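Peer 1: Need coordinates for the below:
(one chain, ligands or ions: 1)
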Amino acid sequence: MSNEAATPAHIASYIDHTLLKPEASEADILKVCAEAVEYKFKSVCVNPLWVKTVAKALKGSGVLTCSVVGFPMGATPSDVKAFEARGAVLDGADEIDMVINMAAARAADKGALVDDIRTVAETVHAGEAILKVIIETSMLDDEQKVIACEAAVEAGADFVKTSTGFNGGGATAEDVALMRKTVGPELGVKASGGVRSLADAQAMIAAGATRIGASSGIAIVKGEQGSSAY
Ligand SMILES: O=C[C@H](O)COP(=O)(O)O
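Peer 2: As a prediction, this is how the structure comes out:
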């Protein structure tokens, strides 16, 4: 990792400032938007309910609007995920983080995974947004992680992402390295779930992450220890 990546200011440009608590209020959402502008984070990541609010609050700031689809279980039909994604993009989302069909992932059913991801990717790209694919590493063995990443590449995703942060363990540097090795140098890799400190973030970047999803973004850039938001 270069020295440049170690600076908190540089780390901020990697961070999707995340608030996905189901009970988050409008005041909570507007607070994280203000924080993201202040700290120059990459995006604000919220549930679809709040996309319109976030897009309005961030307009002209340079901070992107990110939302989630099929979240956090992934266990909805692909066309329903695509409908949810279309709504979020129409509301102003620049980036969509989808959860894959975890049954297909556990069965290492690459064809089903490609279909699931491609259905959403086509809708997201039609709206000129980008797609990140959450493979939920905590639920998969290494072979299943590789197949899920290969499916994401084949389906035209823009990123692979480690975790929802809601289903057991989160990001590890080992998983990020495996994902980076699988997808090659061009695709984005997002480490998310349990990234609580500057050291955590630096380790993920050193392993190949190009984005960090965290509810502890302020602690990370301040060099403090964050705590779980959920
Ligand atoms: O990126 C999405 C995750 O929910 C963030 O997880 P975290 O709250 O453990 O940072």
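
Peer 1: For the protein, which segments count as helices?
Peer 2: All helices of the chain, identified by DSSP state H, fall at 3-6, 8-12, 26-39, 51-58, 78-90, 102-106, 110-126, 142-155, 173-183, 198-207, 217-222.

Peer 1: Could you find the closest non-adjacent residue to S43?
Peer 2: Leaving aside its sequence neighbours, S43 sits nearest to L64 (C-beta to C-beta, 6 or more residues apart in numbering; 3.8 Å). Using the backbone N, CA and C atoms, a C-beta is placed for each residue, glycine as well.

Peer 1: The one you found contacts V54, correct?
Peer 2: No: here L64 lies out of contact with V54, judged by C-beta atoms under 8 Å, at a distance of 9.6 Å.

Peer 1: So between the two, which is more surrounded?
Peer 2: Neighbours were tallied for L64 and for V54 using other C-beta atoms under 10 Å; the higher tally belongs to V54 (28 against 20).

Peer 1: low pLDDT regions in this protein?
Peer 2: Along the chain, the parts satisfying pLDDT under 70 run over 1-6, 228-230.

Peer 1: please redo it, this time with the cut-off set to 90
Peer 2: 1-9, 168, 223-230 (pLDDT under 90).

Peer 1: Which positions in it make contact with the ligand?
Peer 2: Residues of the chain lying close to the ligand by C-beta under 6 Å from any ligand atom are 18, 20, 45, 164-165, 170, 192-195, 213-216, 228-229.

Peer 1: please redo it, this time with the cut-off set to 8 Å
Peer 2: 16, 18, 20, 45, 68, 72, 97, 161, 163-166, 170, 190, 192-196, 213-216, 226, 228-230 (C-beta under 8 Å from any ligand atom).
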